[in-house]
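Engineer: Sequence below, structure please.
(one chain, ligands or ions: 3)
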Amino acid sequence: MQKINILIVLIATTLSVSAQNSLPDDYLTKEFHAGRRDALRKLMPANSVTVVFAYPERVFSRDVNYPYHQNPDLYYFTGYKEPDAVLLIFKEDQHRGDTAYNELFFVRKRNALQEQWTGRRLGAEGVQQKLGFKYAYTSDEFKNYPVDFTKFSNIFYDNLPDDLGSGTMGSLVKAFTEKAHITKPDNKYIAQAYSMLVNSTTPSNLAARIKRIKTGMSTVDDSEYKNDPLLLQLVNQPDSATLADVVRKIKEHPSPSFGYNQLVASLREIKTPEELALLRKSVTLSAVAHAEVMRAINEEMSETEIEGMFEYVHKKYGAEAEGYPPIVGAGANGCILHYIENNVTRVDNQLVLMDVASEYHGYSADITRTIPANGKFTSDQKAIYDLVYNAQEAVFPLCKEGTPFSSLNEKATEVLAEGLLDLGIIKDKKDVSLYYIHGCSHHMGLDVHDKSVTPVLQQNMVITVEPGIYIPKGSPCDPKWWDIAVRIEDDVVIGKADCEILSKAAPRKASDVEAMTAKKSPFNNMSFPSLK
Ligand code: GLY
Ligand code: MN
Ligand code: MN
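Structural biologist: Ligands and ions are numbered 1, 2, ... in the order given. Just a heads-up that it's a prediction; the model follows:
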């Protein structure tokens, strides 16, 4: 009898453990997140504190919120996926009575009723047990927790949203600004301009950078930005000695959000092995989705249905979300860079530009393929397609440690300009900017457009290579080119001497794309009742 009881208990335990275990087993570990906090602490200057808030929830419809998405920085440092939280990371140990601590985490309170409506919460105890924080409290304890922010030489924090109202996030931000005696928010335009001057992953030459600042000052209605003494110093005396002086001053007295982003981006721009594993999974499954959609596509389909096939494949492989709103644009719609209506009911015999990729455990892929819905490029479409393909092929060899980031776009622009000239679409190389209107690359990771500070490629950075040509109707060229839009976008890991293309499961060469569209797809056998 006794034995049978033990057996029953054993079976029940095994069953409940296996039920609990049917969750993904490849999440980042608490040790990973703790390691990232330690790495940040090492970079922080003496006597400083870094403050990271959760993203707020946002309304989708009346009493329904958008699916919640955590602030990637907070996820990176904690693994926490809920709103109503603030993390404090101290450079040095702090003391309260006999306790010494170098981090504090205030998180959303548990609430049985709310949890039955909107989902489980970790609470402070769960954060201690599952995420390994020794000092975790509920967010309502933050206001009265004795942290003397005024004693720190630097408080690093990102720009704070100013529309949070009186909810928990609003109260947390208010408590922080009061405790830290912050009377005005950090100016995001100034912080962005400073970052461009210091890091210059964007235009590397001085004239281009000053032009960007002047354009910003004339288009953004913000008097503080327009009158910033350091930016004006450079605009009034645009030479490299002034730039060096301004950069030195910016670094000597970093504003909170500028300093914050320098620190955090310098970590996030280099991926750890754990992050690379998740990115590899996210990109591979997204590339497989592109291959599947190529097999399935036909002229009868709608843009919406194509988007749906992508999402189905992503979810089939366990991706929680899309990395960004999917872009599925047939014909002229491909010319709109971030076209997300995706509402054309029949893609017909047009090219379809599909910039769609998943988010897996927080890590976003970013892949674009442009394919003929009827399986065959016209010769004009193929001419543009091959040109964009050649630009990618010319950029890949540069994707290795030591290459200035700006060289990638320079190379892509050069190849595209020559090709457009050869095709007679432009008469002067500088007019390439009529048809190639974005950059070739950006970092990717927890944000699809990830943070970065280093202007030179380093091993284990992950970036996109995404040249494109867009020829809207009415462009000053032979109308036969009008409405052709092609972008090809792949994701690569930077190595010491070369790169690894992570998205290679998605055919890229025109002939391979055509061959893939000729294959049969499981989607072709799906049939549903027709709606009246
Ligand atoms: N999907 C947005 C981009 O390619 O940057
Ligand atoms: Mn991209
Ligand atoms: Mn993209």
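
Engineer: the longest strand in the chain is where?
Structural biologist: Assignment by DSSP state E gives strand 86-96 as the longest strand of the chain.

Engineer: quick one: the next helix-or-strand element following it to chain centroid distance?
Structural biologist: Next helix or strand after strand 86-96 toward the C-terminus (DSSP states H and E): strand 99-107. Mean-position distance between strand 99-107 and its chain equals 28 Å (C-alpha atoms, centre = their mean, to the nearest Å).

Engineer: counting contacts, what elements does strand 99-107 pack onto?
Structural biologist: Secondary-structure packing of strand 99-107 (3 or more C-beta pairs under 8 Å, 6 or more residues apart in numbering; DSSP states H and E): strand 86-96, helix 123-131, strand 136-138. The C-beta positions use only the backbone N, C-alpha and C, and glycine is treated the same way.

Engineer: Quick check: which of the ones you listed is buried the most?
Structural biologist: Counting by mean count of other C-beta atoms under 10 Å, strand 136-138 has the highest mean neighbour count of those, with a mean of 20.

Engineer: Name the residues that touch that strand?
Structural biologist: Leu104, Phe105, Phe106, Val107, Arg108, Lys109, Gly123, Ala124, Glu125, Val127, Gln128, Tyr145 (C-beta atoms under 8 Å, 6 or more residues apart in numbering).

Engineer: would a markdown table of those residues with distance to Glu410 and pLDDT be doable?
Structural biologist: Formatted as a markdown table, these follow (distance: C-beta to C-beta, whole Å; pLDDT from 0 to 100):
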| residue | distance to Glu410 | pLDDT |
| --- | --- | --- |
| Leu104 | 46 | 98 |
| Phe105 | 44 | 98 |
| Phe106 | 46 | 98 |
| Val107 | 46 | 98 |
| Arg108 | 47 | 98 |
| Lys109 | 52 | 97 |
| Gly123 | 52 | 98 |
| Ala124 | 51 | 98 |
| Glu125 | 54 | 98 |
| Val127 | 47 | 98 |
| Gln128 | 50 | 98 |
| Tyr145 | 51 | 96 |
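
Engineer: Lys496 contacts Leu457, doesn't it?
Structural biologist: No: Lys496 is not in contact with Leu457 according to C-beta atoms under 8 Å; the separation is 10.4 Å.

Engineer: any residues in contact with both of the two?
Structural biologist: Lys400, Glu401.

Engineer: Looking at those two, which has the bigger crowd around it?
Structural biologist: Using other C-beta atoms under 10 Å as the criterion, Lys496 and Leu457 rank with Leu457 on top: 25 against 10.

Engineer: list the contacts for the more buried one?
Structural biologist: Residues near Leu457 by C-beta under 8 Å, 6+ apart: Cys399, Lys400, Glu401, Gly402, Thr403, Pro404, Phe405, Ile463, Ile494.

Engineer: what separates it from Asp84, distance-wise?
Structural biologist: Computed as C-beta to C-beta, to the nearest Å, the Leu457 to Asp84 distance reads 38 Å.

Engineer: Check Asn187 too.
Structural biologist: 26 Å.

Engineer: Who has more neighbours out of the two?
Structural biologist: Higher neighbour count among Asn187 and Asp84: Asp84, with 21 against 18, using other C-beta under 10 Å.

Engineer: Rebuild the contacts of strand 136-138 as JSON lines, extending it with distance to Asn47.
Structural biologist: Output for the contacts of strand 136-138, formatted as JSON lines (distance: C-beta to C-beta, whole Å):
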{"residue": "Leu104", "distance to Asn47": "17"}
{"residue": "Phe105", "distance to Asn47": "21"}
{"residue": "Phe106", "distance to Asn47": "22"}
{"residue": "Val107", "distance to Asn47": "26"}
{"residue": "Arg108", "distance to Asn47": "30"}
{"residue": "Lys109", "distance to Asn47": "32"}
{"residue": "Gly123", "distance to Asn47": "32"}
{"residue": "Ala124", "distance to Asn47": "28"}
{"residue": "Glu125", "distance to Asn47": "32"}
{"residue": "Val127", "distance to Asn47": "27"}
{"residue": "Gln128", "distance to Asn47": "27"}
{"residue": "Tyr145", "distance to Asn47": "19"}
